[in-house]
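**Q** The following block contains a protein sequence and its predicted model.
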Number of protein chains: 2
Amino acid sequence: MTARLPDLTRVHRHAERGSQERTRLDALLDDELVGTLSTVVDGQPWAVPLLFARDGDRLLLHGSTGAGALRHVVAGASVAFSVTAIDAIVVAHSTFDSSANYRSAVLRGTVHNLRGPEQAAALDALSDRVLPGRTREVRGSTPKEWAATLAMELPINEGSWTYKERTGGPSAPDEEVDVWCGVIPLRRVAAVPEPAAWSVGPVPASVLAVTRGRE
Amino acid sequence: MTARLPDLTRVHRHAERGSQERTRLDALLDDELVGTLSTVVDGQPWAVPLLFARDGDRLLLHGSTGAGALRHVVAGASVAFSVTAIDAIVVAHSTFDSSANYRSAVLRGTVHNLRGPEQAAALDALSDRVLPGRTREVRGSTPKEWAATLAMELPINEGSWTYKERTGGPSAPDEEVDVWCGVIPLRRVAAVPEPAAWSVGPVPASVLAVTRGRE
């Protein structure tokens, strides 16, 4: 599990991992909640994790209007947005051949600051990405609440993104093996929901949908 | 869950989230398997996900010796390494007050290319981070295998990192509420291990340790 720890840098040499399939990109973006936004500030790398939602051919992002580096970003600085899922540990006959199954994408471009109805729609879309249906269970946001928030859009254009993955089991050994080898799938699960002290009423549909079977 | 989707950018305004406690940083780094390495190449942001292992006051990283941008990094380019855990969905009385519990860190600096015995030790440490104990179940790596891999060290120095988190339940509303509110904890779990067709012998201790109860 040394040299072949996830070969996240080898897209040019492992063509089978460099799939450009847009459907796989979308599946990854629809599976993960958070990515890392990277940009350059005063010549130095700058990074921040952000929740995101894919909406067709764009990523929706949000942040505080008070965050200086995000103002730099909405002013037109180039960004790279990185999203990674670790799907399994690959247990091979040597540490060198061991690895991890992963899916990762980097999207490049510049973000566009959304305002007015576009902003409101984007923030609702982000909410419904994190907990689908919750926007129908609570009051809408107010103009004052919207004003405190940056909503941003990063286009998903052909050629603006790279997608890499490793799937499947360990590669077959070319030496004698006397140990167990295989994969350990990893999953993210929701645990039993915990009500706030001042919570009113039963667990709602939005929460049940992600925790069913755990109440 | 709009303006208060994880306020990952608000460390300066939410001091309670800007904890500098090294123990919390270490706990995060010891919980997560993958981070995003950001650097600047030709003035543009560049990012790649990498497995990592904390070893005391340094992060160990690895990559292919053929990866151009990593050669740029080991030549001394500034980097930011970002690690994020999403621990819970916070379900508040409004989408604006909804959020996510998270822990995140960004470590800044330059990486050092490890060679010889330091490299071998770092690669074994990375292997044992991903699947503790596996290095004792299989043969050691060979010099040829080591030669194909970059092993890098990023120091964890005082002042070189920032740590942010949100914990706990939704904030208490200052308006009448008639809906369920609370948190949905999220966890990463290992599923039933799947042997390769050519696997030999029982599930080993290293795999049992992360999947116990699931065979």
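**A** Right, received. Where do you want to start?

**Q** all contacts plus neighbour counts: C-alpha atoms, from now on.
**A** OK.

**Q** what are the phi and psi angles of the residue sitting furthest away from the middle of chain A?
**A** Largest separation from the mean C-alpha position in chain A: A:E176, at 39.6 Å (CA atoms, centre = their mean). In terms of degrees, to the nearest 10, the main-chain angles of A:E176 are phi -70, psi 140.

**Q** repeat for A:A122
**A** Main-chain dihedrals, A:A122, degrees, to the nearest 10: phi -70, psi -40.

**Q** Report pLDDT for it.
**A** The score at A:A122 is 94. That number is its pLDDT.

**Q** Same check on A:R17?
**A** 46.

**Q** for A:G169, same thing?
**A** Here, the pLDDT recorded for A:G169 equals 96.

**Q** just to revisit the earlier point, check the gap between the residue farthest from the centre of chain A and B:K144 for me.
**A** Plainly put, A:E176 is 18 Å away from B:K144 if you go by CA to CA, to the nearest Å.

**Q** How far off centre is the helix or strand bottoming out on mean pLDDT in chain A?
**A** Within chain A, no helix or strand scores below helix A:143-147, which has a mean of 84 by mean pLDDT, DSSP states H and E. In terms of CA atoms, centre = their mean, to the nearest Å, the centre of helix A:143-147 is found 26 Å from the chain centre.

**Q** who does that helix touch, helix- and strand-wise?
**A** Applying 3 or more CA pairs under 8 Å, 6 or more residues apart in numbering or on different chains; DSSP states H and E, we find helix A:143-147 packed against no helix or strand.

**Q** Now that helix: buried residues?
**A** Applying a neighbour-count criterion of 16 or more other CA atoms under 10 Å in any protein chain shown, one finds A:145-147 buried in helix A:143-147.

**Q** Likewise for stretch A:201-215?
**A** Neighbour-count burial for stretch A:201-215 flags A:203, A:206-207, A:210-211 (criterion: 16+ other CA under 10 Å).

**Q** how far out from the middle of the chain is it?
**A** Here stretch A:201-215 is found 23 Å from its chain centre; the criterion is CA atoms, centre = their mean.

**Q** cool, stretch A:196-204 as well?
**A** Centroid separation between stretch A:196-204 and its chain, computed with CA atoms, centre = their mean, is 29 Å.

**Q** Residues in contact with that stretch: which ones?
**A** Here stretch A:196-204 makes contact (CA atoms under 8 Å, 6 or more residues apart in numbering or on different chains) with A:137, B:169-170, B:172, B:177-183.

**Q** who are the neighbours of the strand or helix carrying A:L154, in terms of helices and strands?
**A** Using DSSP states H and E, A:L154 sits within strand A:149-155. With contacts taken as 3+ CA pairs under 8 Å, 6+ apart, strand A:149-155 sits against strand A:58-64, strand A:112-114, helix A:116-130.

**Q** Only the C-alpha atoms, please, for that strand, written as PDB.
**A** Output in PDB follows, covering the C-alpha atoms of strand A:149-155 (Å, rounded to 0.1, in the frame of the first residue of the first chain):
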ATOM      1  CA  THR A 149     -24.800  34.900   2.000                       C
ATOM      2  CA  LEU A 150     -22.700  34.600  -1.200                       C
ATOM      3  CA  ALA A 151     -24.200  32.200  -3.700                       C
ATOM      4  CA  MET A 152     -21.800  31.200  -6.400                       C
ATOM      5  CA  GLU A 153     -22.000  29.200  -9.600                       C
ATOM      6  CA  LEU A 154     -19.100  27.300 -11.200                       C
ATOM      7  CA  PRO A 155     -19.900  26.100 -14.700                       C
END
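
**Q** So for the strand or helix carrying A:V40, what gets flagged as buried?
**A** Assigned by DSSP H and E, A:V40 falls within strand A:34-41. Within strand A:34-41, the residues scored as buried using 16+ other CA under 10 Å are A:34-41.

**Q** now those in CSV, with pLDDT and distance to B:L61?
**A** Formatted as CSV, those follow (pLDDT from 0 to 100; distance: CA to CA, whole Å):
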residue, pLDDT, distance to B:L61
A:V34, 95, 22
A:G35, 96, 19
A:T36, 97, 18
A:L37, 96, 20
A:S38, 97, 19
A:T39, 96, 21
A:V40, 97, 22
A:V41, 95, 24
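
**Q** Any chance of the residues you listed in CSV with distance to chain B as columns?
**A** What follows is those, written out as CSV (distance: CA to the nearest CA, whole Å):
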residue, distance to chain B
A:V34, 8
A:G35, 9
A:T36, 7
A:L37, 9
A:S38, 6
A:T39, 5
A:V40, 6
A:V41, 10
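
**Q** which intervals of chain A have sub-threshold pLDDT?
**A** A:1-20, A:65-67, A:213-215 (pLDDT under 70).

**Q** Break down it into its helices, ranges please.
**A** Taking DSSP state H to define them, one finds helices in chain A at A:22-31, A:68-74, A:116-130, A:143-147, A:205-211.

**Q** from these, which stretch is densest packed?
**A** When these are scored by mean count of other CA atoms under 10 Å in any protein chain shown, the highest mean neighbour count falls to helix A:116-130 (a mean of 20).

**Q** Can you tell me the closest non-neighbouring residue to A:N113?
**A** A:M152 (4.6 Å; CA to CA, 6 or more residues apart in numbering or on different chains).

**Q** Taking the contacts of stretch A:196-204, tell me the two that lie furthest apart.
**A** Distances among these were taken as CA to CA; the most separated pair is A:E137 and B:G169, at 18.2 Å.

**Q** Comparing the two, which residue is more hemmed in?
**A** B:G169 (23 against 16; other CA atoms under 10 Å in any protein chain shown).

**Q** Would you agree the more buried one is in contact with B:V183?
**A** Yes. At 5.9 Å, B:G169 and B:V183 qualify as touching, with contact defined as CA atoms under 8 Å.

**Q** who touches both of those two?
**A** Common neighbours of B:G169 and B:V183 (CA under 8 Å, 6+ apart) are A:196, B:90.

**Q** Would you reformat the helices of chain A as TSV and include distance to A:H62?
**A** Formatted as TSV, the helices of chain A follow (distance: least, CA to CA, whole Å):
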stretch	distance to A:H62
helix A:22-31	16
helix A:68-74	9
helix A:116-130	7
helix A:143-147	11
helix A:205-211	22
